[in-house]
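[1] Give me coordinates for this.
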Amino acid sequence: MKTRTRSSTVRLLTDRPQGHTLNRRQVISPNREWAVFDSRNEDSKLGETTSIERIHLQSGTIELLYRSRNPNLYGPGVGAAAYHPERDRVIFIHGLNNCDERKPYGSQRRFGALLDIGSFTVRHAESRSIGNAPPIGALSGGTHAHSWSSTGSRISFTYNDARDPLQPRTIGFSITSVAPPNLGIPSDDENFTGEYASFLALAPAQSNTPYRIQSAFEECWVHENQMAFLGSIPTERDESLFIQEIFSVGIPEDSKLQQWVASRTQFSNAEALFPIKRLTHTENRSHPGIQGPRHWLTADPRGDWIYTLARDNAGITQLARVASRGGPLELLTDLPESVEGQISCNRSGDQIAFVSNGKICVLSVLKNQLTLWEEQQFEDPKGKRVERPSFRGSYVNGLHFLDEQTLLGNRYVEQHGGKYLQIVVVRST
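    Numbers count the residues shown, from 1 in each chain. You can find the predicted model right below:
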């Protein structure tokens, strides 16, 4: 692999004494002029976060999109906003509105909140019913890590069940063209009818689960009718040892899902509609399984490849990929230092961005060339050249392509008497 170095300019786009957390994916508006974020200063503090905002990438103007009503120490909490690929609409995590000390924000107590820019009100993406087993098209728990498909017609999510909190995490999706079922119950803070029919793609930890998948998470869209996800499975040599492998799940046409909702058949029949396929087989590697820091799978825009992280023989986390139809896991880099977090793909599918040893790295897949971005100049929010800001730590939460030479990211900066997560724009030259 060829490696080269390019200079870059880092512009501190925000400098307020608060957090500005970019989601790990889909933060850029369809017109490429805005980025959406939440006001968290720590990733684990979503339950205490109160606002969703957006920033104009040229002027730095910040707009408040939504503020939660009557927040308290226990919730409801909002965050992890993702922009629709074609509309001025975002979806984000929203805790239930009745959060208190007895029933705080939690993995089973949240939903996907839909917000059309300018409306200042949210709608439930999915339906929720926890008193009885919900009909097909409704759920009984909490969704998070929402992601739009390429057309915005489908929304993926990770799911935790409220009726059975011990059930492991799994994945699901909502279909914007399929109407939700009539729950037949009054709406309240715990039960409500959403905008779209929603489904679990896998019911884990059951004896008949394909490939004995115990939990599913960190999914991504490959095509409109295919998602990829990480599944935790026991190894053949030691059933008490679990590794993460990449799987795909097929999603049927909207008409079949609409018929299923109308039939009111329970989730036990889901396997016939959602075929599961194992894509990676890494048990015999020196470091088996998908390993490294937490990250969501990333597919290229054509849906040919799924990008992930895996350790090499020396235990260093490298960028890796597998064909969406399945095959060997291929390591794409030979870095001396591990990849640090989320990976991102540009709109053409040729470039993959990530961070290693605190530096931005961009891999051109077609050229088999790795470019290291060296920080040379720094600018304040108005574009004035300044001394290097007091950055603390590396980039966090992933990078986002604005164009071939420009990336958006998060950095902690020591300022205003504290350490605050700010948004930066990095341009290579």
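
[2] for this structure, which strand is longest?
    When the chain is parsed with DSSP state E, its longest strand is strand 391-403.

[3] what element comes up after it heading to the C-terminus?
    strand 406-415 (DSSP states H and E).

[4] Please work out the average pLDDT along that next one.
    Model confidence over strand 406-415, given as mean pLDDT, is 97.

[5] Can I get that strand in CSV, CA atoms only?
    Taking Å, rounded to 0.1, in the frame of the first residue of the first chain, the C-alpha atoms of strand 406-415 are listed here in CSV:
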residue,chain,number,x,y,z
THR,A,406,-13.1,18.2,3.7
LEU,A,407,-14.2,16.3,6.9
LEU,A,408,-16.4,17.2,9.8
GLY,A,409,-15.6,15.9,13.3
ASN,A,410,-15.6,16.3,17.1
ARG,A,411,-12.7,17.3,19.3
TYR,A,412,-12.5,18.1,23.0
VAL,A,413,-11.0,21.5,23.6
GLU,A,414,-9.9,22.9,27.0
GLN,A,415,-11.6,26.3,27.2
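
[6] close enough to count as contact, S286 and A310?
    No. The pair S286 / A310 is not scored as a contact, 10.6 Å apart, by CB atoms under 8 Å. C-beta here means a position set from N, CA and C on the backbone, and glycine is covered the same way.

[7] Could you pull out the buried residues of the longest strand of the chain?
    F391, S394, Y395, V396, N397, G398, L399, H400, F401, L402 (16 or more other CB atoms under 10 Å).

[8] Can you convert the residues you listed into a markdown table and add a column each for distance to S7 and pLDDT?
    As requested, the buried residues of strand 391-403 are arranged in a markdown table below (distance: CB to CB, whole Å; pLDDT from 0 to 100):
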| residue | distance to S7 | pLDDT |
| --- | --- | --- |
| F391 | 17 | 96 |
| S394 | 19 | 95 |
| Y395 | 17 | 96 |
| V396 | 23 | 95 |
| N397 | 24 | 92 |
| G398 | 22 | 93 |
| L399 | 17 | 98 |
| H400 | 20 | 98 |
| F401 | 18 | 98 |
| L402 | 18 | 97 |
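
[9] which stretches of the stretch 301-429 of the chain form strands?
    Under the criterion DSSP state E, counting those that start in this stretch, the stretch 301-429 of the chain contains strands at 305-311, 317-323, 330-331, 344-345, 351-356, 359-364, 369-379, 385-386, 391-403, 406-415, 418-428.

[10] helices and strands around the first one, which ones?
    In this structure, strand 305-311 packs against strand 298-299, strand 317-323, with contacts taken as 3 or more CB pairs under 8 Å, 6 or more residues apart in numbering; DSSP states H and E.

[11] could you dump the ones you listed to JSON lines with mean pLDDT and distance to L241?
    Formatted as JSON lines, those follow (pLDDT from 0 to 100; distance: least, CB to CB, whole Å):
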{"stretch": "strand 298-299", "mean pLDDT": "98", "distance to L241": "27"}
{"stretch": "strand 317-323", "mean pLDDT": "98", "distance to L241": "20"}
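
[12] Just want the angle from the longest strand of the chain to strand 369-379.
    Going by axes from the mean of the first three to the mean of the last three CA atoms, to 10 degrees, strand 391-403 is angled at 110 degrees with respect to strand 369-379.

[13] Strand 391-403 pairs with which strands?
    strand 406-415 (antiparallel) (DSSP bridges).

[14] so which helix or strand takes in the nearest residue to I91 once chain neighbours are set aside?
    Of all residues not flanking I91 in the chain, H146 sits nearest, at 4.7 Å (CB to CB, 6 or more residues apart in numbering). With elements taken from DSSP H and E, the one containing H146 is strand 141-148.
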